[in-house]
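Student: below is the sequence, then the predicted model.
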Amino acid sequence: MKRLLDDIGSLRDEGWTFMSDQQKGLTQMFDELMPGVDHRFCVRHLYNNFSKDYKGKLLKDCMWATARAINMYEFQSKMRKIKKLNTKAWEWLVGKEPRFWTRAAFRRYPRCDALTNNGCENFNSQILEYRDKPIITMLEEIRLHPMAYYIKKKEKMARYHGPICPRIQNKLETEKINSTNWVPVWCGDSNESKFEVSKLPDRYVVDIKQCTCSCGS
């Protein structure tokens with residue numbers, strides 16, 4: 001890690017986020033060498049450890065829902081549900097600091113809500129065939145691999161005519177449907193930008209000018 005720090009340089013105010021698989025000693029190392037940076041656990045690895053003792057689809061779904069909670073109220077609500085299902089499972093999760101594994105406790109800067117390191121795992125699996133080759137050949141193959149990947153994606157996007165990327169467009173359409181039951185009420189501010197948005201029992205403040213919501217999303 002010290003060598004990585006030498007390459008990266010100063011981490012102050014750069015918004016770095018590090019994700020690990022809970023290797024022993026890493027948490028203390030991050031606190032000592034990189035105070036203030038975001039250090040998270042890959043929730044997929046966290047669940048793998050969790051599921052060794054606490055199995056079942058219901059517990060799995062509840063744990064992932066807790067990790068995806070966007071504010072502490074929702075987080076505590078999900079944790080109470082886990083406690084009702086299995087007290088020991090709840091105690092296991094209580095032993096993990098929320099800042100490491102739930103969106104509800106992530107800092108708002110950097111704006112990264114990733115819960116897993118699937119991107120890294122996916123890249124590593126794709127370059128597996130190159131890793132046993134001589135170092136120059138390996139580096140050349142790894143260099144060419146993303147080039148071919150991005151060309152393929154670029155050609156695909158050239159045939160697409162939507163205003164935003166198709167996957168994000170699909171998510172937006174889903175959120176449009178989900179938002180139909182929410183009721184906005186303007187709060188009367190001079191900028192005409194703040195609204196109370198509610199769907200009982202939930203109420204949040206949305207500022208469309210600042211692009212913020214009190215839910216933490």
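Tutor: Thanks, I have the structure now.

Student: alpha carbons only for contacts and neighbour counts from here, please
Tutor: Fine.

Student: state the distance from residue 213 to residue 196.
Tutor: Distance check for residue 213 against residue 196: by CA to CA, to the nearest Å, it reads 10 Å.

Student: check what pLDDT residue 163 gets.
Tutor: Note on residue 163: pLDDT of 88.

Student: before we move on, the earlier item: any shared contact partners between residue 213 and residue 196?
Tutor: 204-206 (CA atoms under 8 Å, 6 or more residues apart in numbering).

Student: got a ChimeraX select line for the buried ones in those residues?
Tutor: Remark: buried members of those, expressed as a ChimeraX selection using 16 or more other CA atoms under 10 Å:
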select :205,206
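
Student: inside strands: which ones of the shared contacts of residue 213 and residue 196?
Tutor: Cross-referencing these against strands under DSSP state E gives 204-206.

Student: what's the following helix or strand after the lengthiest helix in the chain?
Tutor: Across the chain, the longest stretch assigned as helix under DSSP state H is helix 135-158. Downstream of helix 135-158, the next assigned helix or strand under DSSP states H and E is helix 166-178.

Student: immediately after that next one, which helix or strand?
Tutor: Remark: after helix 166-178, the chain's next helix or strand is strand 183-186, criterion DSSP H and E.

Student: for this protein, give me the ranges with low pLDDT.
Tutor: Where the chain drops to pLDDT under 70, the residues are 10-14.

Student: can you do 80?
Tutor: Scanning the chain for pLDDT under 80 picks out 1-2, 4-5, 8-15, 22-27, 31, 33-36, 108-111, 216-217.

Student: what's the separation between the most centrally placed residue in it and residue 106?
Tutor: Geometric centre of the chain, nearest residue: residue 114, 1.8 Å, by CA atoms, centre = their mean. From residue 114 over to residue 106 the distance is 10 Å, taken as CA to CA.

Student: again, but for residue 118
Tutor: Applying CA to CA, the value for residue 118 to residue 106 is 18 Å.

Student: same thing with residue 195?
Tutor: Distance from residue 195 to residue 106, counting by CA to CA: 25 Å.

Student: same check on residue 8?
Tutor: Distance, residue 8 to residue 106, using CA to CA: 22 Å.

Student: which of these two has more neighbours?
Tutor: Counted by other CA atoms under 10 Å, residue 8 and residue 106 do not tie: residue 106 has more neighbours, with 22 against 9.

Student: break down this protein into its strands, ranges please.
Tutor: Ranges of strands in the chain, per DSSP E, are 17-20, 38-41, 183-186, 194-199, 202-207, 212-213.

Student: kindly reformat the ones you listed as JSON lines containing distance to residue 171.
Tutor: Compiled in JSON lines, those are given as follows (distance: least, CA to CA, whole Å):
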{"stretch": "strand 17-20", "distance to residue 171": "25"}
{"stretch": "strand 38-41", "distance to residue 171": "25"}
{"stretch": "strand 183-186", "distance to residue 171": "20"}
{"stretch": "strand 194-199", "distance to residue 171": "20"}
{"stretch": "strand 202-207", "distance to residue 171": "20"}
{"stretch": "strand 212-213", "distance to residue 171": "18"}
